[in-house]
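[1] here you go, sequence then predicted model.
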Amino acid sequence: MYDIVRLGAVAEKHGFDEIFFFEKAKGSIITIDNIGQAADHRNKKSLILLRNYAYDEGPVKLVAEKKKACFLIDLSRIIKAKGLQRSIEISRVRTFLGICNRFGAFYALASFAEKEEEMRTPEELISIGCLLGLNRGQGRFALKMMTHYAD
């Protein structure tokens, strides 16, 4: 299982096969503002990090057809948010993952931890994935997708 973090961490200590550091992996991460821009990157083997998980099936379907790009789900946004903002984030990501599953689009989960105490084990990340509507197998698969895209 794999993760992307913003700090120096030992993979074996936290139960991962490998941890990718954001500074090294950001060459393969494309950050976009809305889902409509995702269709522009569907032919590239890259991780697409969304700032806004708006409901739009069209671009997700286009990305899913090519099977090259992978959506990167930033779990730190959910973990760090509080109260109503957290519930809104969970709802948006849950809906987005439902669309990804419906059309077969690839997605990967990452914690983007900035401090040692923010690190989560693979089982914790899978459990957060279950909170977002994934089953355990889908959560495991989402953690393993990272190795195909991050360099």
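    Cool, the structure landed.

[2] tell me the contacts of residue 134?
    Listed by CB atoms under 8 Å, 6 or more residues apart in numbering, the contact set of residue 134 reads 97, 101, 142. All C-beta spots, glycine's among them, are computed from the backbone N, C-alpha and C.

[3] got a list of contacts for whichever strand or helix holds the second one?
    When you say that, I think you mean residue 101. Following DSSP states H and E, one finds residue 101 within helix 83-103. Residues outside helix 83-103 that contact it (CB under 8 Å, 6+ apart): 35, 50, 52-55, 57, 60-61, 64, 71, 73, 77-78, 81, 105-107, 131-134, 138.

[4] enumerate every residue touching residue 46.
    With contact set as CB under 8 Å, 6+ apart, residue 46 has these partners: 28, 29, 30, 68, 69, 70, 149.

[5] need the pLDDT of residue 151.
    Per-residue pLDDT puts residue 151 at 64.

[6] what does residue 96 give?
    Residue 96 is given a pLDDT of 94.

[7] follow-up on the earlier one: may I see the buried residues of the helix holding residue 101?
    89, 90, 92, 93, 96, 97, 99, 100 (16 or more other CB atoms under 10 Å).

[8] residue ranges with poor pLDDT in this protein?
    For the chain, residues meeting the criterion pLDDT under 70 lie at 151.

[9] what ranges do the helices span in this protein?
    11-14, 22-25, 57-66, 76-80, 83-103, 122-131, 136-144, 146-149 (DSSP state H).
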